[in-house]
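Asker: fold the following for me, if possible:
(one chain, ligands or ions: 1)
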Amino acid sequence: MIEISNLTFGYSKKKLLFKNLNLKLQMGHIYGLLGKNGAGKSTLLKNLAGLVFPQEGLCSLNGYHSAGRLPGFLQELFFIPEEMHLPGITATQFAGSTAHFYPKFNEAQYFKMLAEFDVPVSSVLGKLSFGQQKKVMIAFGLATNTALLIMDEPTNGLDIPSKVKFRKIIAGALTDERCIIISTHQIRDLDSLIDSVLVLHQQEIVLNSGLDEIAERIQFTTTAQANKAAILYEESNAVGINTISVNHNQTFSKVDMEMLFNAIVNDHKSVIDILK
Ligand SMILES: Nc1ncnc2c1ncn2[C@@H]1O[C@H](COP(=O)(O)OP(=O)(O)OP(=O)(O)O)[C@@H](O)[C@H]1O
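Answerer: Residues are numbered from 1 along each chain as shown. This next block holds a predicted model:
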């Protein structure tokens, strides 16, 4: 299990990004972490990865404190940051020099994913395009089979066919023993991939819910289809007005994550309250 308890963190003591933040994540799930620019998504992930240290509280992975960065923790975590500087070696050499830090690394899986992503294995990583570099790191991260895989904006730089492959490859790599967290602004890229949503807003995790639970409680329809008395939030687009309403009649609709996110960050507390 991944646990954040009473996390207080700020890059300066005067301006805290989180105060007493709590969060529990379970294995066997793919979480999408959403939040506005500057909400602190990357910083939260860095706290989890033990790359920055809390002022108070702690983060842990299967009982290991992130800040301790013990070998037992490091071999169960792989973090793919938004920006990367890869060394002047090939994807094959990278596996040769790095894989031994991860006891569950699966070489066949790595090369299979690189082939699916269509990345040349004998080109120097630093000379690959940004998107190709991302693909190498995603393939490597998945092949480590660590208990926690964190990806910060992984689809930045991926073209449209690669995003489709990304979703397929990630979904195929999930097991009951691992948890994947993906932070992104490209909410559509998470469609049919994540099963749970986390929203970081105003120093707090205001939503940590499975998509099934969300669909049980609220409905996403057009205003014309909605029960007017149950409407919580409305949003116009080119084709009409879409609505989030209370799901009184147990009709399950597809969760529109972009609309849900907009409702939450536009301070529609009623939406958050009903999902609590
Ligand atoms: N190394 C740092 N030193 C000081 N302040 C920082 C540092 N890194 C981030 N910050 C600040 O912390 C805040 C949160 O940044 P962070 O990158 O975690 O947000 P984010 O939600 O990931 O944003 P975005 O969606 O724009 O990537 C921002 O105000 C940022 O300026």
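Asker: C-alpha only now, for contacts and for neighbours.
Answerer: OK.
Asker: now do the contacts for the residue in the stretch 151-276 of the chain that the ligand sits nearest to.
Answerer: Nearest residue of the stretch 151-276 of the chain to the ligand (C-alpha to the nearest ligand atom) works out as residue 185 at 6.8 Å. Neighbouring residues of residue 185 by C-alpha atoms under 8 Å, 6 or more residues apart in numbering: 34-35, 153.
Asker: which parts of the stretch 1-150 of the chain are strands?
Answerer: In the stretch 1-150 of the chain, the segments counted as strands under DSSP state E, counting those that start in this stretch are 2-9, 18-25, 30-34, 56-61, 64-65, 77-80, 148-152.
Asker: residues from the stretch 101-250 of the chain in reach of the ligand?
Answerer: Within the stretch 101-250 of the chain, not a single residue sits near the ligand (C-alpha under 6 Å from any ligand atom).
Asker: pretty sure residue 80 sits against residue 148.
Answerer: No - Residue 80 lies out of contact with residue 148 (C-alpha atoms under 8 Å); the separation is 11.1 Å.
Asker: between these two, which is the more surrounded one?
Answerer: The residue with more neighbours, out of residue 80 and residue 148, is residue 148; 28 against 18, by other C-alpha atoms under 10 Å.
Asker: so who does the more buried one touch?
Answerer: Here residue 148 is in contact with 61, 76-78, 178-181 (C-alpha under 8 Å, 6+ apart).
Asker: how about a cut-off of 7 Å?
Answerer: 76-78, 178-180 (C-alpha atoms under 7 Å, 6 or more residues apart in numbering).
Asker: same list, the strands of the stretch 1-150 of the chain, but as TSV with mean pLDDT please.
Answerer: Below are the strands of the stretch 1-150 of the chain laid out as TSV (pLDDT from 0 to 100):
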stretch	mean pLDDT
strand 2-9	96
strand 18-25	95
strand 30-34	96
strand 56-61	96
strand 64-65	96
strand 77-80	96
strand 148-152	96
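Asker: before I go, just wanted to say thanks for your time.
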